[in-house]
Structure formats: structure tokens, C-alpha cells
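*Asks:* I would like the atomic coordinates for the input below:
(chains A, B, C and D)
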There are 2 protein chains.
Amino acid sequence: MSKCEQCIVRQFSSLKHLSKEELLRMSACKTSKTVKKGEVLFEEGEHINGVFCIKEGVCKVSKISENGRNQIISLIQPGNLLGERSLISDEASNLKAVALNDMEVCFIPKDEIVKDLEKNSAFAMGVLKDMAKSLKSADNLVVDMAQKTVKQRLAETLLHLHSKFNTDNEGNINIYLSRDDIANIIGTATESAIRLLSDLKKKKIIEFKGKNITILNKDELEKIANGF
Amino acid sequence: MSKCEQCIVRQFSSLKHLSKEELLRMSACKTSKTVKKGEVLFEEGEHINGVFCIKEGVCKVSKISENGRNQIISLIQPGNLLGERSLISDEASNLKAVALNDMEVCFIPKDEIVKDLEKNSAFAMGVLKDMAKSLKSADNLVVDMAQKTVKQRLAETLLHLHSKFNTDNEGNINIYLSRDDIANIIGTATESAIRLLSDLKKKKIIEFKGKNITILNKDELEKIANGF
DNA sequence: CTAAAAAACTGACAAATATCATATTTTAAG
DNA sequence: CTTAAAATATGATATTTGTCAGTTTTTTAG
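*Replies:* Below is the predicted model of the structure:
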């Protein structure tokens, strides 16, 4: 079993504040698993009883609205933790997580995390900072959802995806989402998302072949996102 | 100067985890002030450098979208803290706070809070729980904003306001918001909010005289909020 | 009390978006 | 390779919501 010390999650998450001994204990009680594309990490309403460390792959975190439509709240990348919120509130999860591609994750049981939170104040502050960051982006998302048009939100989403997932310096968006997923991120009907994507393509602002989307004119996309 | 020990904010916020000595120190470095209706507690982009304890009155917390429209994110009641998020991220505030009526608040400087956060893990866990709660409701709000119609959001907002602000057992909503504020909570044009309020009145689901709104048929309002 | 300003309201119309129906293309399974 | 299923795409239309213009009511300042 690999030690947590070298793990990408340790480098990028609040786990970096853990000491060697704490990591060793964590390493001893963690479980690793692979999650195939399309599989569910946890359901809405499920008691997770721990946190997931995302080592490889990406998952979408979503929630079903009372209308029965699915809203994707965020995409979680390698290096991040998942499930902190529910762990801290000591509640069932309010969200569902599904793998977008094949994943490698570790699961750390709740007790272990709570113990460290209480003893290691740097770790607690780290988690607090992560949560504060999530809260800020959630607030921003609320404003966007409430005030921006679907067209603006699509432009903004493409820019977000680009800055989060591009590996080269091109305009390629290196994450492959279905039109349905894109619609569920921006909160619109699938047909509307498709139509607006086609518009952007016609105007040479983006290019795409299937799920492979490339941004051709970033400035223009930014203008659209800001309402011009 | 009043001691923090008996304060309503201590009873209801994470400050309840502070010891007597910690409270005394806090009491010594805090400043009290009154904020008149309509006055600004802090602006978007301002460095707050501390947290506000809300002893009396209500304030609205909002953010201007790129479109120039104002979105109210939440209403803060007596007993709550305000400004924790920015303090923990060590950033300027991303939100603006304005008094909805005359307020009594205390201000606790940042250093004092940070000191206690690092030393008192129960306090840190309390703040963490508050933040987790805020994050959950922000996520829910995102879903509502993205997926619900304006009519649904209005119905839901009226129900929220009622459960948060009713003092008697009647359907009265004991907080007085302008039509503009209501529109800025649900994320719509003022005229749309007015029209939908009038519709609900015509259908005898609510009653209102000016800003004084009463829910007549809660069941029906719940149905509307859930899309029927 | 009165005038001016602000807030609430209403109607007409335009724009954005959802829905439904259907066609085409891509993907997956045998 | 072939066929069925799923995803993507497009058109027509209905619904929702925003915008603008104007009226009425309420609030505020003097």
C-alpha cells in the first residue's frame, strides 16, 4: 500500500498540514479504490462517514432539484478532498458524486479525520480555509445563476472549464462533457445548451468536434460572459 | 460596557464555545456601534479585519453581478456573526452588508478571533460547522436559482422569510422588505416580482398591505414552490 | 400640510428560454 | 459489420421573463 506522504492529494489539499505520524496513522486506516466512469461515489442522502481523496480522474458533484432536474454544482479534480462538508456537519450528504472518467480515490474514515481536526489546529485552519473558499465560489455561483442569462453562463462555464482543465497552452478544454452535463452545469435545457454552442461555433468563437471543445476567441467569450 | 457573557450572539453563535477568560479578553477589545437603517456595514472589496456580532436588527448581504444588478445572498439576524468568511480567507469581502432596520452590532478585531481559533479547537470546530451550514444552504440556493422559475423562487422565498422571521403563529412575515429587495432576493426584475405578488394576492394565497405580507394558504404556496 | 421624490403598480411588447417533435449522427453491443 | 440505442442537432411553437413607458400611491423633507 502506498504511503500518503507522496500523494498528490497531500500536496494540494489541507492534508499538507498533517505531520508524519498523523499521515502514517491515516495511511494505515485508509482504503484505496478505483471508480469506473459513470459509477457513483455516493448518493444524495447517503451517510458518507469519511472523506474521499481524489488521486486520479474527475467527478461531478450534483443535486436534484424539486423539479426533478439535475444541477451540477462542481467538478472535482485530482489533489482535492470530497465530502468534508457532510463530515463536519455530521449529516447525510446533500449532494451526489459520479465519476466522469475512471478514477483512483482513497477513503479516510471519519473518526480519523475528526481526531486530527481536534488535535492539529493548522489542519483545522486549512480545512476552514478550504471551506471558506468553497463558500465564496458558491456565493458567486448564486449571483451568476440568478442574474446572468443562459448565454452568459455558457460563456463563463467554457472559460472556467478552460482555466481549470487545460494542460497545453492552446484553447483546448481537456475535459469531455456531454451536452447534457454542460446543460446541467449552466442550468438550462439540453437543447438550449446545444443551440448556444452551435451559435458560438458559427461565430468562430469556439470550435468543437463532438465533446472536444476548443476556444478560438477568448476575448470575445469573456465579453459575452460579462454581458456584451 | 456590557460583558459579552450574556449577549444573544454568544448564545446562538459559535462564540458559545469560548471560555470566560476568552470572552473577557474579547469584551475588552470589542467596539459597539449602532447602524441606522440603510447604512452600510461594509462594502464589496473592503477589508473588514474582524467580525461583526449582530445584537439587534437585520442586515442584507448582497453582491453586484457583472450585469450591474444586485443579488441579495442572505439576511442576517440577531445572534449571528458576519464576516467570518473573509476573515478566514484573509481577503477583502466579496459581499456588501446594508442595515435593513436600525441595528446594534459589536465588532471584534481579527487578531483576537484568530488567536482563539488557533488555541480553542471547540471554537474552531464551531466556526467550521457554521461555515459548513452556510455552504450547504449556498449549494441549495444555487440549485434553486438554476432550476426553478421565478414564480417558484418567489413562493419559496416567502416561505423562507416566514419561517425565519415570524414571531407569532400567524402567517405574518415580520420583516419589511421593499419590492426591490424581494426582487433582488429571487433574482428577477422588480416589475416581475410585483406582478407575481399581485397574482398570489388575487388567488388569495397571500395578503399584503404595502410591505406587510401575510401568508394565507401555506400549503398552496408550498405546492407552487415545488412546481405544481 | 404640501410639494417633490421614491416606491409600487400596470400594460404593451420584445427577448430569452423551454418544450415537443423529429431528424441525423455517434456509440455500444452482439 | 450491423443494428439498436443513445446522443446530438434542428425547427416550430408556447411560455416565461425582461424592458420600457407611463400612472398611481406612498413616503419624505421642508
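
*Asks:* wouldn't A:Ile186 be in contact with A:Ala155 here?
*Replies:* No: with contact taken as C-beta atoms under 8 Å, A:Ile186 and A:Ala155 are classed as non-touching, separated by 9.5 Å. All C-beta spots, glycine's among them, are computed from the backbone N, C-alpha and C.

*Asks:* Do a quick rundown of the helices in chain A.
*Replies:* Remark: helices assigned in chain A by DSSP state H are A:8-12, A:20-29, A:84-89, A:110-119, A:121-147, A:150-165, A:179-186, A:190-202, A:218-225.

*Asks:* Quick check: which of those is buried the most?
*Replies:* Of the helices of chain A, the one with the most neighbours on average (mean count of other C-beta atoms under 10 Å in any protein chain shown) is helix A:84-89, at a mean of 22.

*Asks:* That helix vs chain B: in contact?
*Replies:* Yes: Helix A:84-89 is in contact with chain B by C-beta under 8 Å from any C-beta of the partner chain, via A:84-85, A:88-89.

*Asks:* List just the nearest of those to DNA strand D.
*Replies:* Nearest to DNA strand D among these: A:Arg85, at 28.6 Å, using C-beta to the nearest atom of the strand.

*Asks:* circling back to that earlier point, compare the helices of chain A and give me the one nearest B:Glu39.
*Replies:* Among the helices of chain A, the nearest to B:Glu39 by C-beta to C-beta is helix A:121-147 (22.2 Å).

*Asks:* now check that closest one, is it near chain B?
*Replies:* Yes: using C-beta under 8 Å from any C-beta, helix A:121-147 reaches chain B at A:121, A:124-125, A:127-129, A:131-136, A:138-147.

*Asks:* ok now do the residue nearest to A:Cys7 when sequence neighbours are not counted, which residues does it touch?
*Replies:* Spatial nearest neighbour of A:Cys7, excluding adjacent residues (C-beta to C-beta, 6 or more residues apart in numbering or on different chains): A:Lys55 at 6.5 Å. Counting by C-beta atoms under 8 Å, 6 or more residues apart in numbering or on different chains, A:Lys55 makes contact with A:7-9, A:78, A:103-106.

*Asks:* what's the answer for A:Gly83, then?
*Replies:* A:42, A:48, A:50-52, A:93.

*Asks:* Kindly recompute the last result at 10 Å.
*Replies:* Applying C-beta atoms under 10 Å, 6 or more residues apart in numbering or on different chains, one finds that A:Gly83 lies in contact with A:41-42, A:48-53, A:61, A:76, A:93, A:95, A:97, A:107-108, A:110, A:113.

*Asks:* same check, this time on A:Lys211
*Replies:* A:173, A:175-179, A:181-182.

*Asks:* and it, how far is that from A:Thr190?
*Replies:* Taking C-beta to C-beta, to the nearest Å as the measure, A:Lys211 falls 14 Å from A:Thr190.

*Asks:* Then A:Met26?
*Replies:* Where A:Thr190 is concerned, A:Met26 sits at a distance of 42 Å (C-beta to C-beta).

*Asks:* Just want to check the distance between the residue nearest to A:Lys36 when sequence neighbours are not counted and DNA strand D.
*Replies:* Leaving aside its sequence neighbours, A:Lys36 sits nearest to A:Asp102 (C-beta to C-beta, 6+ apart; 5.7 Å). According to C-beta to the nearest atom of the strand, to the nearest Å, A:Asp102 and DNA strand D sit 17 Å apart.

*Asks:* On the pLDDT front, check A:Asp102 for me.
*Replies:* Looking at A:Asp102, its pLDDT is 93.

*Asks:* State whether it and A:Glu39 are indeed in contact, as I suppose.
*Replies:* Yes: A:Asp102 sits in contact with A:Glu39 when judged by C-beta atoms under 10 Å, with a separation of 9.1 Å.
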